[in-house]
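[1] my questions concern the predicted model and sequence given below.
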Amino acid sequence: MAVMQLRYAFRLYPDPGRQRALAKAFGCARVVFNDAVRVREDARKAEQPFPTAGQLSRKLITEAKRTAERSWLGEVSAVVLQQSLRDAESAYRNFFASLKGTRKGPKVGAPRLKSRKDTRQSIRFTANARWHLTDNGRLNLPKIGPVKVKWSRTLPVTPTSVTVIKDAAGRYFASFVLDTDPAADAARMPQTDRTIGIDLGLTLPHRGPLRRHEDRLPALFAARGEEAEEGPQGTVPQAEGIKEPGQGPPQGRPRPRRSR
């Protein structure tokens, strides 16, 4: 069975109490991520092997909760903290794969420390976090509570995870990830002889006018070079077809004169 992941995003409207709880969760996730980056950087500088995911989880979450400096980590869902560690691990994997050239796409740098001033903040809840949708359509998050959702469509299947996002404008969103089977989805749809077209985007840039005028460029550059050799000193030669600013017909519609 070929499984395809879909993502559905909806606007959230948390009340002031839920906003404070979300801010606490965002902050705890950021602290755990930064702690993981620092531990790995310390190991690199000391030329020691990187700690494993299990070692990081035990040191930065389980043991940290027992200390006075990090006791407040216990006030948020443990799944949020675990997912933050996974994000750090994923960032390092992408960085090393980019260095080796095995990662497709643009080069990525080493993970950096997150700031509380970052314009985008997010936390992720997986299925084992026991989040659920209530009967009245609210999103109930562990240690946060029910949050109002503005539903624009129905979810075809039960989501496997949800990411709560706060953007630079202070808006909240819930991004649900769903695992679907294209063959099973097609079987549920009614049979029809009508077709639709979907624009999936372009893989090549649109060259447009440049392509039409490329053949003229060598001649224009050659003419410009000849005029530079023959023209008087201090003058800027112009190739054929290239006008000085202010020459030629005026651009745009002429302004009407006001009658006095």
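    Alright, I've got the coordinates.
[2] hey, let's count contacts and neighbours off CA atoms from now on
    Fine.
[3] state the helix or strand in which Ser122 lies.
    Taking DSSP states H and E as the criterion, Ser122 maps to strand 121-126.
[4] got the contact list for that strand?
    By CA atoms under 8 Å, 6 or more residues apart in numbering, the surrounding residues in contact with strand 121-126 are 25-26, 29, 79-80, 83-84, 131, 160-167.
[5] need the residues that contact the helix or strand just after it.
    Reading on from strand 121-126 to the C-terminus, the next helix or strand found by DSSP H and E is strand 132-133. Here strand 132-133 makes contact (CA under 8 Å, 6+ apart) with Leu139, Asn140, Leu141.
[6] tell me which of these is nearest to Thr102?
    Leu141 (37.5 Å; CA to CA).
[7] now do the closest residue to the closest one other than its chain neighbours against Val32, distance only.
    Distances taken as CA to CA, 6 or more residues apart in numbering place Trp131 nearest to Leu141, at 4.9 Å, with adjacent residues excluded. Remark: distance between Trp131 and Val32 (CA to CA, to the nearest Å) = 21 Å.
[8] neighbour count: those two, which is higher?
    Remark: of Trp131 and Val32, Val32 carries more neighbours, 25 against 19, as counted by other CA atoms under 10 Å.
[9] touching, the more buried one and Asp87? I think so.
    No - counting by CA atoms under 8 Å, Val32 sits too far from Asp87 to count as a contact (10.3 Å).
[10] show me what contacts the residue nearest to Leu141?
    Contacts of Trp131 (CA under 8 Å, 6+ apart): Phe125, Leu139, Asn140, Leu141, Pro142.
[11] in terms of pLDDT, where does the third one sit?
    For Asn140, the pLDDT comes out at 97.
[12] list the helices and strands whatever helix or strand it lives in packs on?
    Counting by DSSP H and E, the element that carries Asn140 is strand 139-141. With contacts taken as 3 or more CA pairs under 8 Å, 6 or more residues apart in numbering; DSSP states H and E, strand 139-141 sits against strand 132-133, strand 145-150.
[13] Arg116 is in what secondary structure piece?
    Per DSSP H and E, there is no helix or strand for Arg116.
[14] doesn't Gly27 make contact with it?
    Yes - judged on CA under 8 Å, Arg116 makes contact with Gly27 at a distance of 7.2 Å.
[15] quick one: which of those two has more around it?
    Neighbours were counted for Arg116 and for Gly27 using other CA under 10 Å; Gly27 has more, 20 against 12.
[16] need the pLDDT of that one.
    Residue-level pLDDT assigned to Gly27 equals 97.
[17] so it makes contact with Lys117?
    No - using CA under 8 Å, Gly27 makes no contact with Lys117, being 10.7 Å away.
[18] between the two, which contacts overlap?
    By CA under 8 Å, 6+ apart, no residue touches both Gly27 and Lys117.
[19] distance of Val31 from Asn140?
    Between Val31 and Asn140 the distance is 24 Å, computed by CA to CA.
[20] those two: which is more packed in?
    Ranked by neighbour count (other CA under 10 Å), Val31 and Asn140 place Val31 first, with 21 against 16.
[21] you'd agree the more buried one is in a helix?
    Yes - the assignment for Val31 is a helix, going by DSSP: H, G, I helix; E, B strand; the rest coil.
[22] can you pull out the helices in the protein?
    In the chain, the helices defined using DSSP state H lie at 16-45, 53-57, 78-100, 182-188, 208-213, 217-230.
[23] if we go by neighbour counts, what in the second one is buried?
    Think helix 53-57. The neighbour-count check on helix 53-57 (16 or more other CA atoms under 10 Å) flags Leu56, Ser57 as buried.
[24] quick one: average confidence on it?
    Computed over helix 53-57, the average pLDDT equals 93.
[25] contact partners of that helix?
    Looking at what lies outside helix 53-57 - CA under 8 Å, 6+ apart - the contacts are Ala36, Gln82, Leu85, Arg86, Glu89.
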